[in-house]
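In: Take this sequence and fold it.
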Amino acid sequence: MGIVYHANYINWFEIGRTELIRDRGFPYSRIEETGLYLPVVELESKFHLPAKYDDTISIYTRIVSFNALTVKFESQIRRQPGHVATSGSPGNPVEPEGELLVSGATRHVWLNREWKPVRIDREAPELFGLLGDGR
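Out: Coordinates of the predicted model:
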């Protein structure tokens, strides 16, 4: 059909989350090395327009709620007229640009290696501070 398969947007949400956490100074691989997991427990998506093959897209992700047990991310997938590199800092997020294609959110719960819920403020206080600053 010449458009991106709908399930690919979920992968793009994950890429956005991974890069946001990396930009805060704590790569996801390091989270797992500390014995923590962050599985998705809820997923929302709203399809506004389809991405077409060869479109240049940007992924915008931000933390909208955060506590010691859970974190919720919102993401937007936007079509760009040309190649766009975007970045932002916790106190200075990038405002989304381009044509909105898909918006959505994921909610996650912190788990340990035994898949039991844990408080991130106790298990990894450095990470708790990095993710909680400047949502």
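
In: what about residue 44, distance to residue 127?
Out: 24 Å (CB to CB, to the nearest Å). Using the backbone N, CA and C atoms, a C-beta is placed for each residue, glycine as well.

In: For the chain, name the helix or strand with the lowest mean pLDDT.
Out: Lowest by mean pLDDT, DSSP states H and E among the helices and strands of the chain is helix 125-132, with a mean of 88.

In: okay, which residue is most central for this structure?
Out: Central residue of the chain (CA atoms, centre = their mean): residue 17, 2.2 Å from the mean position.

In: Next, work out how far apart it and residue 129 are.
Out: Residue 17 sits 18 Å away from residue 129, taking CB to CB as the criterion.

In: Same question for residue 115.
Out: Residue 115 is 25 Å from residue 129, by CB to CB.

In: Looking at these two, which one has more neighbours?
Out: Neighbour count, other CB atoms under 10 Å: between residue 115 and residue 129, residue 129 has more, with 13 against 8.

In: need the contact list for residue 7.
Out: If you count contacts by CB atoms under 8 Å, 6 or more residues apart in numbering, residue 7 has none.

In: And it, how close does it get to residue 102?
Out: 11 Å.

In: How about residue 42?
Out: 16 Å.

In: Also residue 24?
Out: In terms of CB to CB, residue 24 sits 24 Å off from residue 102.

In: So which of those two has more stuff around it?
Out: More neighbours surround residue 102 than the other of residue 24 and residue 102, with 24 against 18 (other CB under 10 Å).

In: just checking, residue 44 touches residue 75?
Out: No. In this structure residue 44 lies outside contact range of residue 75 using CB atoms under 8 Å: 9.8 Å.

In: what about these two, which has more around it?
Out: Between residue 44 and residue 75, counting by other CB under 10 Å, residue 75 is the more crowded of the two (25 against 13).

In: Just the pLDDT for that one.
Out: The model reports residue 75 with a pLDDT of 96.

In: And residue 90, by the same measure?
Out: Looking at residue 90, the pLDDT reads 52.

In: residues near residue 104, how many?
Out: The burial count for residue 104: 19, using other CB under 10 Å.

In: again, but for residue 25
Out: Applying other CB under 10 Å, I find that residue 25 has 10 neighbouring residues.
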